[in-house]
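Student: Have a look; sequence and predicted model below, questions after that.
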Amino acid sequence: MSEALRNSVKTMVRETFEGPPVPIKGSWFTNSEPNSGIFGVTGGLSCDEASLSVHGTTLAAHTDHVRYHMWGTNEILKNGKQPEMDWGKSWDIHSVDEQQWNRIQEGLRNEYLTLLEWIDAIEWNELLANEVLSSLAHSSYHLGAIRQILKAVKE
């Protein structure tokens, strides 16, 4: 993969999780205010807010589901094959205490940082490019879902 394309992928992944760069010079697809990525949107939430059920799911479940998907992506990048995954179990979180909520957020940040390292380190092929880009699309989808659920939680 060319360096320009690799840097573009990293830019999009960063915007998904961190929001647009500061100082803000615009955004590619998120809102252009600070903290509009997953970390900014979920970072200020209490464990009680993260545990509120909205249409049968919680912000904690969405956040952990993104972490779980990224873990799977990182395992593929590391080992070259899909790990055994239980997608249903990735939605089992219905409520969290402060320690659990912090652990989910920390786990997501660790998987995110690992993915950024892999983007620079892997020998790219079509399978790995598809895996990284699908992780980007999946995370972006959940950023939108999290933002919508947050509207109901804050009401």
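Tutor: Great, that's in hand.
Student: OK, contacts around the nearest residue to residue 98 once chain neighbours are set aside?
Tutor: Using C-beta to C-beta, 6 or more residues apart in numbering and skipping the chain neighbours, the partner closest in space to residue 98 is residue 47 (4.7 Å). Just so you know, the C-beta spots here come from the backbone N, C-alpha and C atoms, and that holds for glycine as well. The contact partners of residue 47, taken as C-beta atoms under 8 Å, 6 or more residues apart in numbering, are 60, 96, 97, 98, 100, 101.
Student: swap the cut-off to 7 Å and go again
Tutor: Residue 47 makes contact with 96, 97, 98, 101 under the criterion C-beta atoms under 7 Å, 6 or more residues apart in numbering.
Student: ok, now residue 70?
Tutor: Residues near residue 70 by C-beta under 7 Å, 6+ apart: 111, 112, 115, 135.
Student: In this protein, which helix is the longest?
Tutor: For the chain, the helix reaching the highest residue count under DSSP state H is reported as helix 126-154.
Student: helices or strands next to it in the packing?
Tutor: If you count contacts as 3 or more C-beta pairs under 7 Å, 6 or more residues apart in numbering; DSSP states H and E, helix 126-154 packs onto helix 3-18, helix 38-43, helix 59-79.
Student: just how off-centre is the last one within its chain?
Tutor: It refers to helix 59-79. Counting by C-alpha atoms, centre = their mean, to the nearest Å, helix 59-79 is centred 8 Å from the centre of its parent chain.
Student: Quick one: low-confidence residue ranges for the protein.
Tutor: 1, 23-24 (pLDDT under 70).
Student: I'd assumed residue 87 was in a strand, is it?
Tutor: No - secondary structure assignment places residue 87 outside any strand; it is coil (DSSP: H, G, I helix; E, B strand; the rest coil).
Student: got the contact list for it?
Tutor: Residue 87 sits in contact with no residue, where contact means C-beta under 7 Å, 6+ apart.
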